[in-house]
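Engineer: Could you look at this predicted model? Sequence included:
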Amino acid sequence: MIVFALNGAAFATYASRIPDTKSLLHLSAGQLGLFLLAGALGSVLGLPMSGWITGRFGARRTVLAGSAATTLGYSLSAIGIDTHQLWLAAVSLFVAGWGVGIWDVAMNLEGTVVEQHLGRSIMPRFHAMFSGGTVAAALLGAGLTALRVPVWLHVIVVMALLAAGTAWAAGGFRALGEVTSEPESSEKPENPDSATEPAGKSSHLSAWLDPRVLLIGVVTLAAGFTEGTANDWLSVAFVEGHNVPKWAGVLAFATFLTFMTIGRITGTAILDRHGRVPVLRCAFALAVVGCLAVVFGSTPIAYAGVVVWGVGVSLGFPVGMSAAADDPAQAHARISVVSTIAYTAFLAGPPLLGFLGEHVGVLHALLAVGAAATLALLLVPSVREPDRSHAAH
């Protein structure tokens with residue numbers, strides 16, 4: 001769980017300084033979107049590789065490699081921002097994006113192994129830890145922004161602490177893999193560092209051809225876009241659309257993350273009691289309502305909308321990961337496919353939203369979130385639990 005929290009803290013630390021990035025580099029909304037696309041491209045490159053890398057080298061080593069690339073990339077990018085070196089900031093953000101991609105898939109795979117072993121919904125709690133890390137980092141970012149602490153100092157110090165923490169926390173992955181691999185097979189994997197091994201070389205191709213996996217990917221894509229847009233643009237939308245100070249914009253971002261965390265903590269029991277489909281239908285409906293309140297409401301109503309948006313988006317991504325891993329033998333391949341689809345929207349969608357913001361304003365561009373959540377509502381039945389899950393209840 002600690003690895004999830006540290007991953008979230010790394011992402012939110014950098015995201016909390018996006019308003020400063022925009023002003024320091026003198027970027028328009030469209031130019032900021034293009035800049036953020038560098039990180040998205042890095043992740044999109046890393047995600048398809050992540051299933052193979054994790055299966056070959058194990059979850060622990062993959063997390064460590066991803067953490068190193070992420071923290072180094074964000075640190076160098078922060079230096080580029082404060083020194084007005086756009087090329088350094090963008091190239092380093094690409095490296096950080098690649099690290100985020102492989103780190104995230106590896107820790108999600110480890111999380112599904114735990115969930116399969118326990119036989120109950122627990123992925124939202126792992127993602128709650130991710131969100132908890134983002135909340136702490138965003139609140140810290142809001143405070144340091146208000147104190148006018150330089151971007152480079154803030155990011156480098158936090159990234160150094162996160163790199164050390166991840167190296168310590170990932171040490172437990174090996175033991176976890178050894179324990180949880182036994183119920184699935186009597187044969188030990190050749191690489192004890194890996195929680196599971198791919199079912200075969202053809203499993204990755206077959207996963208891309210599986211209609212249910214692709215539909216799960218689209219649902220998770222919508223959830224990723226809804227969450228990722230808030231991460232990248234919510235603070236800017238409040239600053240430019242509701243005319244609040246930068247620190248208050250970052251506070252809106254932190255509020256979103258706080259209530260997304262609360263939704264994930266409380267969501268596990270609700271999922272076990274009512275099932276994935278009805279819960280996600282309610283959640284995505286809340287996301288639509290929250291988005292509309294942020295865009296069309298007064299500033300106080302917009303802050304209330306952030307609360308509803310955060311709760312509504314909280315369960316889509318972790319439930320998508322759980323659904324992709326319903327068949328443990330295909331988990332590596334299917335999680336890699338769903339993650340690739342979802343993170344393409346999570347990371348590439350929000351930067352592209354910047355170009356829309358050039359024409360209609362950042363605040364009104366957020367209406368694309370409502371459209372994505374509406375699409376997810378139509379496809380929610382694809383994440384339904386297999387029969388064995390109902391029996392376990």
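Structural biologist: Noted; the coordinates are in hand.

Engineer: Need phi/psi at residue 385.
Structural biologist: Backbone torsions of residue 385, given as degrees, to the nearest 10, read phi -60, psi 150.

Engineer: Return the residues in contact with it.
Structural biologist: Residues near residue 385 by Cβ atoms under 8 Å, 6 or more residues apart in numbering: 275, 276, 323, 326. C-beta here means a position set from N, CA and C on the backbone, and glycine is covered the same way.

Engineer: Next one: it relative to residue 13, how far apart?
Structural biologist: In this view, residue 385 and residue 13 are 36 Å apart by Cβ to Cβ, to the nearest Å.

Engineer: Likewise for residue 80?
Structural biologist: In terms of Cβ to Cβ, residue 80 sits 16 Å off from residue 13.

Engineer: More neighbours: these two, which one.
Structural biologist: Neighbours per residue (other Cβ atoms under 10 Å) separate residue 80 from residue 13, with residue 13 holding more: 27 against 23.

Engineer: Quick check: the more buried one vs residue 306, distance?
Structural biologist: 20 Å.

Engineer: Tell me how many other residues crowd the closest residue to residue 44 other than its chain neighbours.
Structural biologist: Spatial nearest neighbour of residue 44, excluding adjacent residues (Cβ to Cβ, 6 or more residues apart in numbering): residue 344 at 5.6 Å. Neighbourhood size, residue 344 [other Cβ under 10 Å]: 18.

Engineer: The closest residue to residue 326 other than its chain neighbours: how many residues sit nearby?
Structural biologist: Of all residues not flanking residue 326 in the chain, residue 386 sits nearest, at 5.2 Å (Cβ to Cβ, 6+ apart). Residue neighbour count, defined by other Cβ under 10 Å, stands at 10 for residue 386.

Engineer: hang on, residue 386 packs against residue 323?
Structural biologist: No. Using Cβ atoms under 8 Å, residue 386 is not in contact with residue 323; the gap is 9.2 Å.

Engineer: Now do the strand or helix carrying residue 95: which elements does it pack against?
Structural biologist: Under the criterion DSSP states H and E, the helix or strand holding residue 95 is helix 86-118. Packing partners of helix 86-118 (3 or more Cβ pairs under 8 Å, 6 or more residues apart in numbering; DSSP states H and E): helix 2-15, helix 29-57, helix 59-82, helix 123-146, helix 173-180, helix 316-324, helix 331-343.

Engineer: Can you check which of these gets nearest to residue 353?
Structural biologist: Among the helices and strands packed on helix 86-118, the nearest to residue 353 by Cβ to Cβ is helix 29-57 (6.5 Å).

Engineer: The closest one to helix 2-15, inter-axis angle?
Structural biologist: 160 degrees (axes from the mean of the first three to the mean of the last three Cα atoms, to 10 degrees).

Engineer: Buried residues of helix 29-57, list them for me.
Structural biologist: Residues of helix 29-57 classed as buried: 29-44, 46-51, 53-55, 57 (neighbour count, 16 or more other Cβ atoms under 10 Å).

Engineer: cool, stretch 210-227 as well?
Structural biologist: Neighbour counts over stretch 210-227 (16+ other Cβ under 10 Å) mark 210, 213-227 as buried.

Engineer: swap in stretch 275-285?
Structural biologist: Buried residues in stretch 275-285, counting neighbours by 16+ other Cβ under 10 Å, are found at 275, 276, 279, 280, 282, 283, 284, 285.

Engineer: Now do it, average pLDDT.
Structural biologist: Per-residue pLDDT over stretch 275-285 has a mean of 93.
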